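Colleague: quick one: sequence plus predicted model below, questions after.
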Amino acid sequence: MNAENREFEELYRRNADMVYRICFLRLKSAEEAEDAVQNIFLRYLKKPKEFSDCEHEKAWFITAAQNYCKDVFKLGGRLRRVELESLPDRACESESGESELFEKLMSLPEKYREVLYLYYYENCSTKETAGLLRRNESTVRTQLSKGRERLKKLLEK
Amino acid sequence: MDINEKNIAAAFGNLDPTEEQKERIYENILKAENDNVKKITSGRFRRKRAGSVIAAAAAVLTMGTLSFSALGLIGSPLQLRLSRRHKRHRKDNRKRHSDRA
């Protein structure tokens, strides 16, 4: 294996999970998320970018994932939707409360789901989240609180 | 159930792909790069997409045929109405000319 390949493998290991999660959040299908990861990394391989730091790299992959998902919706929408109960298996294996929360999170509207994911899981600040999603910072803050509110209501039901 | 930072982060953690999935994706990427493939779509997806393209083409053809036949149906009374108006117009013109004369 040459140095270039090793470098790409490292980059893949660093970002594959994140790209998959973002695509799954938007496309709600494991197969489509897999296709998305493949195509995003293939796009990178065709036109390699020079990243100034890890944050830059992360931001590029987040934006690429979002743009790819937008394209999927534009070119025919959600062709294959998989029921939430069947995906992913590990959610069912983990504690029941956690899997319930996961199910409720997935049933939230996309705009709240994305913001909650970037803020809580990727540890992005509201400013960073706003930049990545091309939204206003105050909009992101409102969506965060509304998302939490909705989640609470869903869990109380 | 209490909603806090840890809970939400843990719930999102369930989305991670398995190691097996990751390996498969990685191999597919390298294979596609070697074969100079531009875009990867899974077989099932492709079949479904082809199916939807055929369905869309059939729908367009049906709509086209229907609208043409509909035009044919409404065409004749429309033409009739136009020619009647035309005749009336010519009659009026003739009358106006004769009056002037």
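Modeller: Thanks, I have the structure now. Please read these numbers as outputs of a predicted model, since none were measured by experiment. Numbering: from 1, shown residues only, chains lettered A, B, ... in the order given.
Colleague: let me see the residues that make contact with stretch A:41-52.
Modeller: With contact meaning Cβ atoms under 8 Å, 6 or more residues apart in numbering or on different chains, stretch A:41-52 is reached by A:8, A:11-12, A:16, A:19, A:57, A:60, A:64, B:25, B:29, B:32-33, B:37-40. For every residue, glycine as well, the C-beta is placed using N, CA and C.
Colleague: relative to chain A, how far out is the residue nearest the centre of chain B?
Modeller: Closest residue to the average C-alpha location of chain B: residue B:56 at 6.5 Å, with Cα atoms, centre = their mean. For residue B:56, the distance to chain A (Cβ to the nearest Cβ, to the nearest Å) stands at 9 Å.
Colleague: re earlier: among the contacts of stretch A:41-52, which one has the lowest pLDDT?
Modeller: Least confident of these in the model: residue B:40, at 65.
Colleague: check what pLDDT the residue nearest to the centre of chain B gets.
Modeller: For residue B:56, the pLDDT comes out at 83.
Colleague: check which helix or strand covers it.
Modeller: helix B:43-100 (DSSP states H and E).
Colleague: for residue A:148, report the pLDDT, please.
Modeller: Note on residue A:148: pLDDT of 90.
Colleague: mind listing what residue B:37 touches?
Modeller: A:42, B:31.
Colleague: so it, which state does it fall into?
Modeller: Applying DSSP: H, G, I helix; E, B strand; the rest coil to residue B:37 yields a three-state assignment of coil.
Colleague: would you mark the buried spots in stretch B:15-29?
Modeller: Within stretch B:15-29, the residues that qualify as buried by neighbour count (16 or more other Cβ atoms under 10 Å in any protein chain shown) are B:15, B:16, B:17, B:21, B:22, B:25, B:26, B:28, B:29.
Colleague: what does stretch A:125-132 give?
Modeller: Judged by neighbour count (16+ other Cβ under 10 Å), stretch A:125-132 contains these buried residues: A:126, A:128, A:129, A:130, A:131, A:132.
Colleague: re the thing from before, the buried residues of stretch B:15-29 also near chain A: which ones?
Modeller: B:15, B:16, B:17, B:21, B:22, B:25, B:26, B:28, B:29 (Cβ under 8 Å from any Cβ of the partner chain).
Colleague: pLDDT at the spatially closest residue to the second one that is not a sequence neighbour, what is it?
Modeller: So the one you mean is residue B:16. In this structure, residue B:16 finds its nearest non-sequential neighbour in residue A:17, 5.1 Å apart by Cβ to Cβ, 6 or more residues apart in numbering or on different chains. pLDDT, residue A:17: 91.
Colleague: so which strand or helix has residue A:17?
Modeller: helix A:3-27.
Colleague: okay, buried residues for that helix please.
Modeller: Within helix A:3-27, the residues that count as buried by 16+ other Cβ under 10 Å are A:8, A:11-12, A:15-27.
Colleague: who are the packing partners of that helix?
Modeller: helix A:30-46, helix A:54-74, helix A:110-116, helix B:19-34 (3 or more Cβ pairs under 8 Å, 6 or more residues apart in numbering or on different chains; DSSP states H and E).
Colleague: need the ones you listed in a markdown table with distance to residue B:51, can you?
Modeller: Listed next are those as a markdown table, based on distance: least, Cβ to Cβ, whole Å:
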| stretch | distance to residue B:51 |
| --- | --- |
| helix A:30-46 | 16 |
| helix A:54-74 | 17 |
| helix A:110-116 | 26 |
| helix B:19-34 | 23 |
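Colleague: can you check what pLDDT the model gives the residue sitting nearest the centre point of chain A?
Modeller: With distances taken as Cα atoms, centre = their mean, the residue of chain A nearest its centroid is residue A:22 (1.2 Å). In this prediction, residue A:22 carries a pLDDT score of 91.
Colleague: any idea how many residues pack against residue B:84?
Modeller: As a burial measure, residue B:84 scores 10 neighbours (other Cβ atoms under 10 Å in any protein chain shown).
Colleague: for the one 3 residues further on, same thing?
Modeller: Taking other Cβ under 10 Å as the neighbour definition, residue B:87 ends up with a count of 10.
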